[in-house]
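S.K.: would you be able to build a 3D model of this:
(2 chains)
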Amino acid sequence: MENAILFAPEIICLIMGLVLFFAAVLGWSYTTTRGIAIASGIAMIAACLWTLSLEGEPFFPGIYAVDFFSQLIKTALAVGFLFVVIASASPLTVDRNGWLEVPLFFIFSTLGMMMMVSATELLTLYVAMELAAYPVYIVVALHRNADIGGESAAKYMVQGMVASAISLYGMSFLFGTFGSTYFSAISIPHAAAQPIFYLGLLLTLAGFFFKLGAFPFHFWAPDTYQTAPHPVITFIATVSKIAAIGILCRLLSLAMPGGWESGHAQTALMWASVIAMTLGNLAALAQKDLKRLLGYSTVAHAGYVLLALQTFAEWGLTAALFYAIGYFAMSFACFLVICEIGRSEDRITIDSVSGLYKRAPFLSFTLLIGLFGLIGLPPTVGFVGKWFLFSAALQRGQFYLVLVAAINAAVALYYYLLIIRQLYWVEPTTQNTVKPTPLIAITAMATIILVVAMGTLPGPFWDMAARAARALIS
Amino acid sequence: MPLLSSILLIPVITLIVLLLMPQKAVRGIRLICALSGLLTCVLSLQLWTGYDPTTGGIQFEEIIPWVSAIGISYHLGVDAFGVILVMLNSIVYFTGVLTMWDLNERVKEYFAFMVLLVIGVFGVFMSLDLFFFFFFYEIAVVPMYPLILIWGSGNRAYAGMKLMLFLLAGSALLFPGLLAIYHHAGLNTFDLIALSAHTFDPQFQIFVYPFIYVGFGVLAGLFPFHGWSPTGHVAAPSAVSMLHAGVLMKLGAYGILTVGIRLLPEGAAYWAPTFVVLAVIGIIYGAYVAMRQTDFKFVIGFSSVSHMGIVLLGLNLAVLGSVVATDALNGAVFQMFAHGIMTALFFSTAGYIYDKSHSKTITDFGGLGKQMPRAVSIFIVAGLCGAGLPGLASFWAELLVFLAALKTYPIAGVIVILGLVLTAVYILRVFNLAFFGAPNPKWENLKAQDMSGLHLIPRAILIAVLVIFGFVPRLMLDLINSTTIAFLGNF
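M.R.: You can find the predicted model right below:
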């Protein structure tokens, strides 16, 4: 029974997934299905909060750990799932026959991600990773225009599978080195000095780099961001980023005893970070499509996160976890607005948000806060988050690396400001007003509060992230 | 309620109230802002009189731990410099609200952004924690973009973007600089006072100081990174130019002083000769370019570059450890205040003339003095203050810095005094071309629209301040001196 409590969030997720499956099979109305999904989201959050401080291993020893780290990430995932389901009210860009499956696939993917962050054994990790990935591959393809959906899904799926195959290859190295798939065996410090260990680890990271959109597995990001149906890309851009950063923290914590000193792994990650942020920001400068622009911006942000992770230090893990939650909120603020204003449009260009403050003042403000966050301006979490991330690198004395990152952040200002200019200055091209439903308005409000609260009162959030990071290291 | 937090909270509460008010309640919005401005002035006065110059140092301290794990705390406190600059900000805030009394376009948003800017500025002048210092610094910069873009004039999209890119590029230098200070000290605290007790390795100081100086210097109009400032001033609406040139540029100088010079004295001394050269070039260049302008606001914009050069010159002379260091620093801080009030008066009046005539071109006018005698008189007072006329506050500030320059670097001293001549030339040129010729019949209609009643109040306040400190500079100098001596004790 105690084990069942430890596993409660996943159990609720699974049961509700089955309920949604029957809802889809029996062809219930979309409103009902979405209602069930919202209820399951709330139940999942409750279960996560209930188990937040518990620790233990619900199954065989060594394969599945429940600790503060995993439960914190699961809470964030549950909140993310709830928010995305709320945002996907009447998802007109999704094929009408596929509407009922959207919440279903989201919940199964969330289940996969929840298991992924708890997995402490390579095969469990791999299975969870695939469970998280496949539902999204399918749902990306459910665009109402089969051509667009096909292109989007093909790029996403092929690259995802390649990345996952590379991951599997890396895992085989880890197994070969240590003769075991258990993380507890892998993290023995003295064995960690072997080069093959780092090679295996870096290759294993591939699958999660893909999810995060980090260089060199970022190629799908701009295309899929641009073409996938809005609610789907909202899910990819928010929920799966939390899981990706979480699992990267877990994997890199394995190498923490010697990761910095050994050099090569750190150098590789550092260059991945520098290239990701530079490439993401420079490419974003030229974009006219809002979602594509955010796709490149996500590559840049992956670079900022890697900046902290390549330090192989507790501070870096804490900063990355803090940023994972903050990034979720900022990114969601942007995509919620895209879902609302682009409900019936396949493409959202920068011109689509012209004069939005006249057509939808509150949504426009939400997007403004989200963009301020992504720029990294106070009083949003973007500023504090960058302060923590950059601080992690400077703790290792990487002055010039932080300088490069900070200059990158200044370059990024340009394209974000262009959007803000469209929002508040340019005259609207249409007079259609967009009025969000109360539920969506409340969600937007909650997101704004989260972005600003983490930006002005970071203390409690930092302490939670630090506790999660310590749970990983011990 | 502690005094500093109260001053900071007044605009915060004002902002929240503004956001909750309906868009159409224009009168109410103006009234609330004016009241909040007045209230900050009153509390700043209380701060000024409550500060004890005999003890000197940091007073009115408040500490609340914020992120204790990594040593961030909400630490407020002011020395005499802070007291003076808080006062400056309150005055410019209050008079700025009054200046924009006639605004009719998107009033609620305008005042909300303006109040946000004021919050940031107050925060910087009070913060004694590196994190919060930078936090408020960025908050002060953010609203400039929408303010210029939406309510500005002329080439505003360009000016706003240029300004933001310059300022955030400055922040890009500050980010690694400030964090390096934290990690290098290894004290696990961002507290400025605790960090200033730590002696940093000279090599480290020499390495990091230019990042801090240039990073903050961008906002202070440091040559050659001043390009954003004239274009930004010109495009911004009057009250924003007032806050921007009057107060925001002081944030840069104050940052150099409180973070750069306080924490890294040896680095500052090492780089001072180089930066003296840049400051002198800035003074001459700003004045020279101002001579050739045809637009009122561009003249004032470049004069700001020139006058802020005097502040930077004073700061750099102060760290060289000569006998005149005290004079140099006193002069620099005095100049921050005097220039703030003077520029506010300049922009407030130039903005008024523009609002009525919709022209900023100097040669368009001619004999405006006969058509708008009151507005022109006020502009002339500001101009004479800019030229350093005795009896107005700038005179003393510039005198102190120039004397220090003459004694430390005679050649630089002579050059900047020549710069003063250029200043007189560009100001008298404006007077001559725009105000004292034959009246241009095109502007006869302006006769009925000269400043009156409410419009005179903010300008009268600013002139009064300039005159009071012009005739009784001791009021200011005694206060500044109490901190300067302790501050320079490190050298």
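S.K.: could I get the phi/psi values of the nearest residue to B:Ala194 once chain neighbours are set aside?
M.R.: Nearest non-adjacent residue to B:Ala194, counting by CB to CB, 6 or more residues apart in numbering or on different chains: B:Leu187, 5.9 Å away. (Glycine included, C-beta is placed from N, CA and C.) Dihedral angles phi and psi of B:Leu187 (degrees, to the nearest 10) take the values phi -90, psi 0.
S.K.: now do B:Leu187, the pLDDT please.
M.R.: pLDDT recorded at B:Leu187 is 86.
S.K.: my read: it touches B:Ile193, true?
M.R.: No: counting by CB atoms under 8 Å, B:Leu187 does not reach B:Ile193; the two are 11.1 Å apart.
S.K.: residues near the residue nearest to B:Ala194, how many?
M.R.: The burial count assigned to B:Leu187 is 14, neighbours taken as other CB atoms under 10 Å in any protein chain shown.
S.K.: same check on B:Gln203?
M.R.: Other residues close to B:Gln203 by other CB under 10 Å number 10.
S.K.: which stretch of helix or strand covers it?
M.R.: helix B:202-219 (DSSP states H and E).
S.K.: so which bits of that helix are buried?
M.R.: B:204-219 (16 or more other CB atoms under 10 Å in any protein chain shown).
S.K.: just checking, which helix or strand succeeds that helix along the chain?
M.R.: Per DSSP H and E, the helix or strand that comes after helix B:202-219 is helix B:228-235.
S.K.: could you dump the next helix or strand after that following helix to PDB, C-alpha only?
M.R.: Moving toward the C-terminus from helix B:228-235, the next helix or strand (DSSP H and E) is helix B:238-243. This file holds the C-alpha atoms of helix B:238-243, laid out as PDB (Å, rounded to 0.1, in the frame of the first residue of the first chain):
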ATOM      1  CA  SER B 238       8.900  65.500 -22.600                       C
ATOM      2  CA  ALA B 239       8.500  64.000 -19.100                       C
ATOM      3  CA  VAL B 240      10.300  60.900 -20.300                       C
ATOM      4  CA  SER B 241      13.200  62.900 -21.500                       C
ATOM      5  CA  MET B 242      13.100  64.700 -18.200                       C
ATOM      6  CA  LEU B 243      13.300  61.400 -16.200                       C
END
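S.K.: helix B:238-243: how far from the chain's middle?
M.R.: Here helix B:238-243 is found 11 Å from its chain centre; the criterion is CA atoms, centre = their mean, to the nearest Å.
S.K.: flag every buried residue along it.
M.R.: Quick answer for helix B:238-243 (16+ other CB under 10 Å): B:Ser238, B:Ala239, B:Val240, B:Ser241, B:Met242, B:Leu243.
S.K.: pull the number of nearby residues for residue 181.
M.R.: In the absence of a named chain, this looks at chain A. A:Thr181 has 20 nearby residues by other CB under 10 Å.
S.K.: meant chain B actually
M.R.: 25.
S.K.: which one of the buried residues of helix B:238-243 is nearest to chain A?
M.R.: B:Val240 (15.3 Å; CB to the nearest CB).
S.K.: quick one: find the helix or strand in the chain with the lowest mean pLDDT.
M.R.: No chain in the question, so chain A it is. Of all helical and strand segments in chain A, the minimum by mean pLDDT, DSSP states H and E falls on helix A:259-262, at a mean of 68.
S.K.: meant chain B, my bad for not saying
M.R.: Sorted by mean pLDDT, DSSP H and E, the helices and strands of chain B bottom out at helix B:368-371, which shows a mean of 78.
S.K.: in the helix or strand that that one is followed by, what's buried?
M.R.: Counting by DSSP H and E, the next helix or strand C-terminal to helix B:368-371 is helix B:373-386. Neighbour counts over helix B:373-386 (16+ other CB under 10 Å) mark B:Ala375, B:Val376, B:Ser377, B:Ile378, B:Phe379, B:Ile380, B:Val381, B:Ala382, B:Gly383, B:Leu384, B:Cys385, B:Gly386 as buried.
S.K.: do the same with stretch A:443-463
M.R.: Of the residues in stretch A:443-463, those buried (16+ other CB under 10 Å) are A:443-444, A:447-448, A:450-456, A:458, A:461-462.
S.K.: show me where the stretch 1-150 of chain B has its strands.
M.R.: Under the criterion DSSP state E, counting those that start in this stretch, the stretch 1-150 of chain B contains strands at B:59-67, B:72-78.
S.K.: what angle sits between the last one and strand B:59-67?
M.R.: Between strand B:72-78 and strand B:59-67, the angle comes out at 170 degrees (axes from the mean of the first three to the mean of the last three CA atoms, to 10 degrees).
S.K.: pLDDT wise, what is A:Ile188 at?
M.R.: The model's pLDDT for A:Ile188 equals 61.
S.K.: for whichever strand or helix holds A:Leu199, the averaged confidence score.
M.R.: Assigned by DSSP H and E, A:Leu199 falls within helix A:195-212. The average pLDDT within helix A:195-212 is 86.
S.K.: whichever helix or strand comes after that helix - contacts with which helices or strands?
M.R.: Next helix or strand after helix A:195-212 toward the C-terminus (DSSP H and E): helix A:220-227. Applying 3 or more CB pairs under 8 Å, 6 or more residues apart in numbering or on different chains; DSSP states H and E, one finds that helix A:220-227 contacts helix A:146-178, helix A:230-254, helix A:290-309.
S.K.: ok now the second one, how far from the chain's centre?
M.R.: This means helix A:230-254. 3 Å.
S.K.: on that earlier part again, make TSV from the buried residues of stretch A:443-463 and add pLDDT and distance to A:Tyr198 to it.
M.R.: Listed next are the buried residues of stretch A:443-463 as TSV, based on pLDDT from 0 to 100; distance: CB to CB, whole Å:
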residue	pLDDT	distance to A:Tyr198
A:Thr443	93	42
A:Ala444	93	44
A:Thr447	94	39
A:Ile448	94	42
A:Leu450	94	37
A:Val451	94	37
A:Val452	93	40
A:Ala453	93	39
A:Met454	92	34
A:Gly455	91	36
A:Thr456	91	40
A:Pro458	92	33
A:Phe461	93	32
A:Trp462	93	30
